[in-house]
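> got a sequence here, can you build the structure:
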Amino acid sequence: MPIETMAPLSLHTRLSGPQDAPLLRLLFASRCDHLRALGLPPDALQALIDQQYACREADYSRRYPRARTFVALAGREPVGSVVVNDDDALLHIVDIVVAPSARGRRRTARGTCGRSAR
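Residues are numbered from 1 along each chain as shown. Okay, here's the model as predicted:
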């Protein structure tokens with residue numbers, strides 16, 4: 001099968017900071033379809049998502065005290081996050097989130113395969 005040639009996608013990460021809190025909350029909320037399916041009023045749904053986010057953050061802090069959160073960028077556009085815990089003996093990928101707007105993107109990049117032509 002021929003490989004479709006596309007422009008390389010420039011992906012990189014940077015350490016998250018306090019300014020990324022809204023983005024990280026939005027990324028978390030993007031994976032909460034199971035909570036949206038409950039049919040709650042918008043305010044109650046948001047409160048539940050906020051509570052789940054706070055619980056997850058507390059759990060990660062307890063279980064992975066050396067975890068660091070990175071923002072994934074395609075060029076300058078935030079497209080996700082990754083949480084990594086490095087305890088000097090083991091590098092553990094705790095969580096990965098891809099933004100809905102970036103899901104399904106396929107690009108040929110060094111070290112990856114391209115999409116097959118249809």
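> beta-bridge partners for the most centrally placed residue in the chain, please?
With distances taken as CA atoms, centre = their mean, the residue of the chain nearest its centroid is V97 (2.0 Å). Beta-bridge pairing of V97, defined through DSSP bridges, involves S81.
> I figured it was touching L27, is that so?
Yes. Shown here, V97 and L27 form a contact pair, counting by CB atoms under 8 Å, at 4.4 Å. For glycine as for every other residue, the C-beta is placed from the backbone atoms N, C-alpha and C.
> what touches both of those two?
80-81 (CB atoms under 8 Å, 6 or more residues apart in numbering).
> re earlier: any idea how far the residue nearest to the centre of the chain is from G80?
Computed as CB to CB, to the nearest Å, the V97 to G80 distance reads 5 Å.
> between these two, what contacts are shared?
Contacts common to V97 and G80, judged by CB under 8 Å, 6+ apart, are L27.
> quick check: which ranges of this protein have low pLDDT?
For the chain, applying pLDDT under 70 flags the ranges 1-9, 105-118.
> make it 90
1-11, 75-76, 101-118 (pLDDT under 90).
> A102 is in contact with S30, correct?
No. Using CB under 8 Å, S30 makes no contact with A102, being 10.4 Å away.
> tell me which residues of the longest helix along the chain are tucked away?
Ranked by residue count under DSSP state H, the longest helix found in the chain is helix 42-63. Neighbour-count burial for helix 42-63, counted by 16 or more other CB atoms under 10 Å, picks out 45, 49, 53, 60.
> helices of this protein, start to end?
21-29, 33-36, 42-63.
> please state the offset of the last one from the chain centre?
Translated: helix 42-63. Mean-position distance between helix 42-63 and its chain equals 16 Å (CA atoms, centre = their mean, to the nearest Å).
> let's see it as PDB, backbone CA atoms only.
Output of helix 42-63 as PDB, limited to C-alpha atoms (Å, rounded to 0.1, in the frame of the first residue of the first chain):
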ATOM      1  CA  PRO A  42     -25.400  21.800  33.400                       C
ATOM      2  CA  ASP A  43     -24.500  23.300  36.800                       C
ATOM      3  CA  ALA A  44     -24.700  19.900  38.500                       C
ATOM      4  CA  LEU A  45     -22.700  18.300  35.700                       C
ATOM      5  CA  GLN A  46     -20.000  20.900  36.000                       C
ATOM      6  CA  ALA A  47     -19.900  20.400  39.800                       C
ATOM      7  CA  LEU A  48     -19.500  16.700  39.300                       C
ATOM      8  CA  ILE A  49     -16.800  17.100  36.700                       C
ATOM      9  CA  ASP A  50     -15.000  19.500  39.000                       C
ATOM     10  CA  GLN A  51     -15.300  17.100  41.900                       C
ATOM     11  CA  GLN A  52     -13.900  14.200  39.800                       C
ATOM     12  CA  TYR A  53     -11.000  16.400  38.600                       C
ATOM     13  CA  ALA A  54     -10.100  17.400  42.200                       C
ATOM     14  CA  CYS A  55     -10.300  13.700  43.300                       C
ATOM     15  CA  ARG A  56      -8.100  12.600  40.500                       C
ATOM     16  CA  GLU A  57      -5.500  15.300  41.200                       C
ATOM     17  CA  ALA A  58      -5.500  14.300  44.900                       C
ATOM     18  CA  ASP A  59      -5.100  10.600  44.000                       C
ATOM     19  CA  TYR A  60      -2.200  11.400  41.600                       C
ATOM     20  CA  SER A  61      -0.500  13.500  44.200                       C
ATOM     21  CA  ARG A  62      -0.800  10.700  46.800                       C
ATOM     22  CA  ARG A  63       0.100   7.800  44.400                       C
END
